[in-house]
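Trainee: here's my sequence, what's the structure:
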Amino acid sequence: MKYEILGQLAVGGRPGVSAPRARKVETLLAVLLAKRNQVVTTEQLIGELWGEHPPARASAALYVYVSQLRKLLRGTGDDADDSPVVTSPRGYSLHVGLDELDADRFTRLYQHGRTLYRDRGYKEAAAVLREAANLWRGELFGGFIDSPDVQAYAALLEESRLECLELLMETELLIGRHREVVGQLSALAKEHTLRETFYEFLMTALLRSNRRAEALETFASARHHLVQQLGIEPGSSLRKLHHSILVGELSDAV
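Mentor: Residues are numbered from 1 along each chain as shown. Below you'll find the model as predicted:
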């Protein structure tokens, strides 16, 4: 069984149950994936699916949704009588094997890339980190899941994705691929306007690509967003880089 959540939710290589009438089943699947291999109590699942105001027969409705999920997952597996959804006296759990979830593959690759980076294997690290980053196809779970547990899990994964991208960009710069990453860094800086590291890496890549004026414009853009949205000046690392460029301490060939 394969589960994909780094983008639109998909099961077994095909999109999940995205029809409006099946949205609760999709939310149920998302919650069980976020809590994979753990028992999620009936009370927790009711809270995740309906919030503070569940219907009178929420337990019965949950049982129906679990049955529908079992049918969906049986339909994608090799054994038509087998289902990874396990019932316990307290609730339900979803058995997910090693690397069956794309988020787990991402985490494993990211950690491996960090190890290679620490060991100064920069070319190998860049390849592994790029593989990890490329697993992301869009917003987690397609961006629609309205579940507290799933949202908390998604926030942690999104932070890991950004850290992976930061390390990837730093590693690419270390191996001299500054021209190749200018476009991606520019897009990242525009998407994450308060993430100073992307501005710093973009300024470095532009300077090394003989684009000093654009590097200075990047600092101005960073300062504008930080002042307008947070009321703060850029951090010391970004200011130091900007000053070094202004006074000529860093050349275009840095």
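Trainee: check which helix or strand the spatially most central residue of the chain maps to.
Mentor: In the chain, the residue lying closest to the centroid (C-alpha atoms, centre = their mean) is E158, at 3.5 Å. Take DSSP states H and E as the rule and E158 turns out to sit in helix 148-174.
Trainee: in whichever helix or strand comes after that helix, which residues are buried?
Mentor: Following helix 148-174 in sequence order, the next helix or strand is helix 178-191 (DSSP H and E). Neighbour counts over helix 178-191 (16 or more other C-beta atoms under 10 Å) mark 178, 181-182, 184-186, 188-189 as buried. Every C-beta, even on glycine, is put in place using the N, C-alpha and C of the backbone.
Trainee: so for the helix or strand that helix 178-191 is followed by, mean pLDDT?
Mentor: Later in the chain than helix 178-191, the nearest helix or strand by DSSP H and E is helix 196-208. Across helix 196-208, the average pLDDT comes to 97.
Trainee: before we move on, the earlier item: how far does the helix holding E158 sit from its chain's centre?
Mentor: 6 Å (C-alpha atoms, centre = their mean, to the nearest Å).
Trainee: which helices and strands sit right next to it?
Mentor: Packing partners of helix 148-174 (3 or more C-beta pairs under 8 Å, 6 or more residues apart in numbering; DSSP states H and E): helix 23-34, helix 42-50, helix 102-118, helix 122-133, helix 178-191, helix 196-208.
Trainee: any chance of a markdown table for those, columns distance to V96?
Mentor: Shown next, in a markdown table, are those (distance: least, C-beta to C-beta, whole Å):
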| stretch | distance to V96 |
| --- | --- |
| helix 23-34 | 7 |
| helix 42-50 | 17 |
| helix 102-118 | 8 |
| helix 122-133 | 19 |
| helix 178-191 | 30 |
| helix 196-208 | 32 |
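Trainee: quick one, which of the ones you listed is nearest to Y65?
Mentor: Relative to Y65, the nearest member of the helices and strands packed on helix 148-174 by C-beta to C-beta is helix 23-34, separated by 5.1 Å.
Trainee: report the rounded mean pLDDT for the closest one.
Mentor: Rounded mean pLDDT across helix 23-34 is 92.
Trainee: measure T197 to L185 for me?
Mentor: 10 Å (C-beta to C-beta, to the nearest Å).
Trainee: could you tell me which residues touch both of the two?
Mentor: Residues touching both T197 and L185 (C-beta atoms under 8 Å, 6 or more residues apart in numbering): M169.
Trainee: buried sites along the helix holding E158?
Mentor: For helix 148-174, using 16+ other C-beta under 10 Å, the buried residues are 149-150, 153-154, 157, 160-162, 164-173.
Trainee: what residues does stretch 225-242 touch?
Mentor: 193-194, 196, 199-200, 203-204, 216, 219, 222-223, 250.
Trainee: and E214, what element?
Mentor: Assigned by DSSP H and E, E214 falls in helix 212-230.
Trainee: should've said Q68
Mentor: helix 58-74.
Trainee: got the buried residues for that helix?
Mentor: 58, 61-62, 65-66, 68-70, 72-73.
Trainee: relative to L129, which of these is nearest.
Mentor: Out of the buried residues of helix 58-74, the member with the shortest distance to L129 (by C-beta to C-beta) is L73, at 31.7 Å.
Trainee: residues touching the closest one, list them.
Mentor: Counting by C-beta under 8 Å, 6+ apart, L73 has contacts 1, 11, 83-85.
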